[in-house]
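A.B. asks: sequence first, predicted coordinates after that:
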Amino acid sequence: VIDKIKVLNLGECRQLIVTPNFSRHPGLVKLVLEKCQSLVKIHKSIVVLKDLVSLKLRGCTSLEKVPKEICSLHKLKFLDIANCGKINKLPRNLGKMESLLELHIDGTAIKEVPASMLLLKSLSHLSLNSCWLLKNLPDAIGELVSLKELELDGTEVDKIPSSIGSLKKLEKLSARQCKCLSILPHSIGDTKNLKMLLLDGTIIEQLPDSVGSLENLNRLTLKKCKQLKHLPVSMGQLKALNHLYLPETSVTELSEDFGMLSTLTILDMKKCECIKELPTTFGGLKELKNLCLRSNCMLTMLPTSFSLLSSLKELDASRCNLMESAIPNDFGNLTSLVSLKLGYNKFCSLPNSMRNLTQLKNLYVENCTELRSLLHLPSSLVHLDAKHCVSLNSICDLSDMENLEELALTNCSKLDDVIGLENLKALRFLYIDCCRHLRDACKSRLVK
């Protein structure tokens, strides 16, 4: 019976130092040795496992090498040696495993990948994340013709070989926190099937114009690319782009073609402190649902086309430098808006059209020290945060706000009364600290 075993799971056998002799189990299809932290050696009899499809060694922190015998396992499709931190070399004949589909080498001490790896014509997923000593990829990496996912996060790789343009099936390229990576090859535009390009934390200074040719790209992330100052005009051609993340970059402006990104649903520009204005075409982002402009301290105005963002549900424009009249008068056209964060700005009032935001549930204007009035608010509000608005002296009648659960007016010292407070049947939290006159008025209303 024992010879018929197909799956052997020895995962987390913390006392296992050497694997058993596999000669009696030649029919094994799946072998799991994950987190065997004392394992130092894999018995050479592994060579008899001709039907083995999956070998998992992830987290074997004492294992120093992968036995060369595994290279003769021609049916192996999945090999995972991630987080085997003592492994510093891969078998020279790795390329003989012609059936291999996924290779996970994350968190190992390898300095290079063997040249024979380029023979893995079936390989679809190569993960090298956190290989902290890896500085170079093979120049001919484009020979991995079946590759769909290439992950390089946290490596010392300083360039992507130009042959990457030959990877016609590539769907994901992740090079996050590659702190030596400063440039992408022009040939990146030839990876027509690329859907995800993740470059957060690199020192890339610019993207090649060919990026605009990535007709299937739906996610582009550039978080904390501090050296990045410009985006190519060709980005407007990215007709499939859904998610664009630019927080903490040094981008100084967005081109007028930016408004052509008609499929964009999420745009994160938090702490883009060099952006002074948004393009006049910004309203062309018809599918935009989530927009973060938080802490863009040079941004003083929103473009007049802003009110065309009819799909927008969440807007965070807090901690910008928005002045009086910075918000368009027809702001109320954003009828899909559910959450609006405008705290720490310098405007004195909000446009009258705010009453038209019939889906708005959360309004945050905290620490808007110049704000004098909150009038024409929509009755749909659930949370209203206006704490530390020290100039606020009037607020609209709240009687119709039957869903309002939280009202924060802490330190609104110039506010004397809140009309309709006694009618707020859903109110659960009321904050009126440091508002002596208001507190007395509220007590009077609430005891009626």
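C.D. replies: Alright, I've got the coordinates. Residues are numbered from 1 along each chain as shown.
A.B. asks: list the contacts for E69?
C.D. replies: The contact partners of E69, by CB atoms under 8 Å, 6 or more residues apart in numbering, come to 44, 46-47. From N, CA and C alone the C-beta is placed, and that goes for glycine too.
A.B. asks: of those residues, keep whichever come out buried.
C.D. replies: 46-47 (16 or more other CB atoms under 10 Å).
A.B. asks: redo the contacts of E69 as CSV? Include secondary structure.
C.D. replies: Output for these, formatted as CSV (DSSP: H, G, I helix; E, B strand; the rest coil):
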residue, secondary structure
K44, helix
I46, helix
V47, helix
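A.B. asks: can I get the contacts of E69 in CSV with distance to F22 and pLDDT?
C.D. replies: Listed next are these as CSV, based on distance: CB to CB, whole Å; pLDDT from 0 to 100:
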residue, distance to F22, pLDDT
K44, 9, 93
I46, 6, 96
V47, 8, 96
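A.B. asks: which one of the contacts of E69 is nearest to Q15?
C.D. replies: Nearest to Q15 among those, counting by CB to CB, is I46 at 20.0 Å.
A.B. asks: who's in contact with that closest one?
C.D. replies: Per CB under 8 Å, 6+ apart, neighbours of I46: 19, 22, 31, 52, 67, 69-70, 73.
A.B. asks: among the residues you listed, which lie within strands?
C.D. replies: Judged by DSSP state E, the contacts of I46 include L31 as members of strands.
A.B. asks: out of the contacts of E69, who's nearest L147?
C.D. replies: Nearest member of the contacts of E69 to L147, counting by CB to CB, is I46, at 26.3 Å.
A.B. asks: distance of that closest one relative to E171?
C.D. replies: Noted for I46: a distance of 32 Å to E171, by CB to CB, to the nearest Å.
A.B. asks: so F258, which of the three states?
C.D. replies: helix.
A.B. asks: what about the nearest residue to it once chain neighbours are set aside, how many residues close to it?
C.D. replies: What sits nearest to F258 in space, not counting adjacent residues and going by CB to CB, 6 or more residues apart in numbering, is P279, at 5.2 Å. By other CB atoms under 10 Å, 16 other residues sit near P279.
A.B. asks: isn't P279 right next to L261, touching?
C.D. replies: No. Counting by CB atoms under 8 Å, P279 does not reach L261; the two are 10.9 Å apart.
A.B. asks: in contact with the residue nearest to F258, which residues?
C.D. replies: Contacts of P279 (CB under 8 Å, 6+ apart): 253-256, 258-259, 303.
A.B. asks: what's the pLDDT at it?
C.D. replies: With respect to pLDDT, P279 scores 96.
A.B. asks: please apply the same query to I2.
C.D. replies: I2 is given a pLDDT of 59.
A.B. asks: please apply the same query to L424.
C.D. replies: Confidence score, pLDDT, at L424: 92.
A.B. asks: how close does it get to C84?
C.D. replies: 60 Å.
A.B. asks: more crowded one of the two?
C.D. replies: C84 (25 against 21).
A.B. asks: the more buried one contacts D106, correct?
C.D. replies: No. Judged on CB under 8 Å, C84 makes no contact with D106 at a distance of 9.4 Å.
A.B. asks: remind me which residues of this structure are low pLDDT?
C.D. replies: 1-2, 447-448 (pLDDT under 70).
A.B. asks: those strands in the stretch 1-150 of the chain, which residues are they?
C.D. replies: 7-9, 30-32, 54-56, 78-80, 102-104, 125-127, 149-151 (DSSP state E, counting those that start in this stretch).
A.B. asks: ok, the closest residue in space to I419 that isn't next to it in sequence - how many residues close by?
C.D. replies: Here the nearest residue to I419 in space, its sequence neighbours aside, is D397; by CB to CB, 6+ apart that works out to 4.5 Å. Neighbours of D397 under the rule other CB under 10 Å: 13.
A.B. asks: over to E370?
C.D. replies: 15.
A.B. asks: list the contacts of it.
C.D. replies: E370 neighbours (CB under 8 Å, 6+ apart): 324, 346-348, 391.
A.B. asks: distance of it from N352?
C.D. replies: In terms of CB to CB, E370 sits 18 Å off from N352.
A.B. asks: circling back to that earlier point, I'd like to know how far the residue nearest to F258 sits from E248.
C.D. replies: 20 Å.
A.B. asks: repeat that for G142.
C.D. replies: 32 Å.
A.B. asks: then L293?
C.D. replies: 13 Å.
A.B. asks: the more surrounded of those two?
C.D. replies: L293 (23 against 20).
A.B. asks: now the contacts of P279 in CSV, with distance to S162 and neighbour count?
C.D. replies: Putting those into CSV (distance: CB to CB, whole Å; neighbours: other CB atoms under 10 Å) gives the following:
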residue, distance to S162, neighbour count
E253, 29, 15
L254, 28, 24
S255, 26, 16
E256, 31, 14
F258, 28, 21
G259, 32, 22
P303, 39, 16
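A.B. asks: closest one to L377 out of those, please.
C.D. replies: P303 (24.0 Å).
A.B. asks: L334 reaches S307, doesn't it?
C.D. replies: Yes. Using CB under 8 Å, L334 is in contact with S307, at 6.3 Å.
A.B. asks: okay, how far is it across stretch 342-361, tip to tip?
C.D. replies: The first and final residues of stretch 342-361 sit 14 Å from each other (CA to CA, to the nearest Å).
A.B. asks: show me what counts as buried in that stretch.
C.D. replies: In stretch 342-361, residues buried by neighbour count (16+ other CB under 10 Å) are 342-345, 347, 349-351, 353-357, 360-361.
A.B. asks: what segments of this protein are helices?
C.D. replies: Ranges of helices in the chain, per DSSP state H, are 436-446.
A.B. asks: I figured G27 hits V48, correct?
C.D. replies: No. Assessed by CB under 8 Å, G27 is found out of contact with V48, at 9.9 Å.
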